[in-house]
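**Q** got a predicted structure plus its sequence, pasted below:
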Amino acid sequence: MSVISHASAYLVDLPVEVPRTDAVQAFLKQETIFVEIETADGGHGRGYAYTIGTGGTAVLAMLTDYLLPRLLGQDAGRPEAIWRDLHAATRATTVGAITSLALAAVDTAVWDRRARAAGLPLWRLAGGAKDRIPLYDTEMGWLHLSPDELVEGARSAQRSGMTGVKVKIGKPSLADDVDRLTAVRSALGPSFDIMVDANQSMTLAEAVRRSRALAHLDLFWLEEPLPADDVAGHERLARATAIPIAVGESMYSVGQFAEYLTRGAASIVQADVARVGGITPWLKIAHLAEAHNVAICPHFLMELHVSLCAAVPNSRYLEHIPQLRAITRSGIEVADGHALAPAQPGLGIDWDLDAIDNLRTA
């Protein structure tokens, strides 16, 4: 039987691989929250979520004090039933980042166990729409980098076969943003995709102003120009610019994405599997976007999102930000600028368990 007989959680701190800055913050470290489950038939699953520097112990407390005890005795082959039960039990703290991250750590462990039991990689079990996904690079585009450094990094990404790069914007001077992006566009040519990310740093008026100043650069998307809870502002901005508006990394429920899509406030959705509560709601968001003829290009976590992108037909790009190399034995497989869907059963992440144990902090 696939009845859950044991569940545990722990925290691992990972330093960032390179300095990462944007218009509002720096990526301090990756607090990685793991959940492991065992079933009565000898099966197991491992899932995870993360923060970028704060709140990891709060997520861990939510798991150990509230969620994990409810897992015991539940059928690991029924992720929807488990997710619904845990969500209902924490209704007083949803929708919220701490609860969503905790739910995600459990849900990804349950899906890992389910896929292993079926002998299938996650992407096949969840839909199997495609076996590879184009990559775009973010590591070359941080806000503290000079125009020359941006160009050097973008050319490196282009040489590797990638067809897109993301550049952070939100410099105090609009002219600086224009100069940085003009340098990248001039170096890469007209057919290369350039995404820009403002990290919720702008007012509507400033976002309209900057989008007009950048319109001639043929940008692939403008990401998080406004605070994520300003749906009306994004709706008005989408009507004021021809640049596609991308949102989602700072949203925590299916309903938030539904509101954006219904109002035409997002041209691209960027659901983060950890922040929306796991694979179960992520797939719903992806299919909701598909019903609105909108692409999904998830935020971060490329090692897990490669499988989810391969599962659904409307995935367009996978974000390239390596962050798990310190605790994995091998990374995602890349060919001609595409991430290949993993072949092994489960989530498809090649964890280094000794390295994980050495980095445990709680």
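**A** Arrived safely.

**Q** all helices for the protein, in order.
**A** In the chain, the helices defined using DSSP state H lie at 56-62, 68-71, 79-89, 97-118, 122-125, 147-159, 174-188, 204-214, 231-240, 254-262, 279-291, 302-311, 353-358.

**Q** could you dump the ones you listed to a markdown table with distance to Leu135?
**A** Backbone N, C-alpha and C define where each C-beta goes, glycine included. What follows is those, written out as a markdown table (distance: least, CB to CB, whole Å):
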| stretch | distance to Leu135 |
| --- | --- |
| helix 56-62 | 28 |
| helix 68-71 | 35 |
| helix 79-89 | 28 |
| helix 97-118 | 22 |
| helix 122-125 | 16 |
| helix 147-159 | 8 |
| helix 174-188 | 15 |
| helix 204-214 | 23 |
| helix 231-240 | 26 |
| helix 254-262 | 23 |
| helix 279-291 | 18 |
| helix 302-311 | 8 |
| helix 353-358 | 25 |
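
**Q** residue contacts, Ile169?
**A** Ile169 is in contact with Ala23, Leu143, Asp177, Arg180, Leu181, Val196, Asp197, Ala198, Arg210, Leu214, counting by CB atoms under 8 Å, 6 or more residues apart in numbering.

**Q** can I get the residues you listed in CSV with pLDDT, neighbour count and distance to Gly56?
**A** Listed next are these as CSV, based on pLDDT from 0 to 100; neighbours: other CB atoms under 10 Å; distance: CB to CB, whole Å:
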residue, pLDDT, neighbour count, distance to Gly56
Ala23, 88, 18, 24
Leu143, 94, 21, 24
Asp177, 96, 22, 33
Arg180, 97, 23, 33
Leu181, 98, 21, 34
Val196, 98, 28, 29
Asp197, 97, 26, 24
Ala198, 97, 22, 26
Arg210, 97, 23, 34
Leu214, 97, 22, 36
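
**Q** from those residues, pick the one nearest Ala129.
**A** The closest of the contacts of Ile169 to Ala129 turns out to be Asp197 (CB to CB; 26.2 Å).

**Q** that closest one against Glu223, yeah?
**A** Yes. With contact defined as CB atoms under 8 Å, Asp197 counts as touching Glu223 (4.0 Å).

**Q** need the overlap of contacts for those two.
**A** Lys166.

**Q** so where's the stretch 1-150 of the chain uncertain?
**A** The model of the stretch 1-150 of the chain has pLDDT under 70 over residues 1.

**Q** ok, how many other residues are close to Arg84?
**A** Neighbourhood size, Arg84 [other CB atoms under 10 Å]: 12.

**Q** residues in contact with it?
**A** Taking CB under 8 Å, 6+ apart as the test, Arg84 contacts no residue whatsoever.

**Q** gap between it and Thr94?
**A** The gap separating Arg84 from Thr94 is 12 Å, by CB to CB, to the nearest Å.

**Q** output the contacts of Ile169 in TSV; the columns should cover distance to Ala289.
**A** As requested, the contacts of Ile169 are exported to TSV (distance: CB to CB, whole Å):
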residue	distance to Ala289
Ala23	26
Leu143	28
Asp177	28
Arg180	30
Leu181	27
Val196	21
Asp197	19
Ala198	21
Arg210	26
Leu214	25
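
**Q** ok, which of the helices of the chain comes nearest Ala40?
**A** Each of the helices of the chain has some distance to Ala40 by CB to CB; the shortest is helix 97-118, at 11.8 Å.

**Q** hmm, back to that, Ala343: which of the helices of the chain is closest?
**A** Taking CB to CB, helix 122-125 is the member of these nearest to Ala343, at 9.5 Å.

**Q** check which helices and strands that closest one sits against.
**A** When contacts are defined as 3 or more CB pairs under 8 Å, 6 or more residues apart in numbering; DSSP states H and E, helix 122-125 sits against helix 97-118, helix 302-311.
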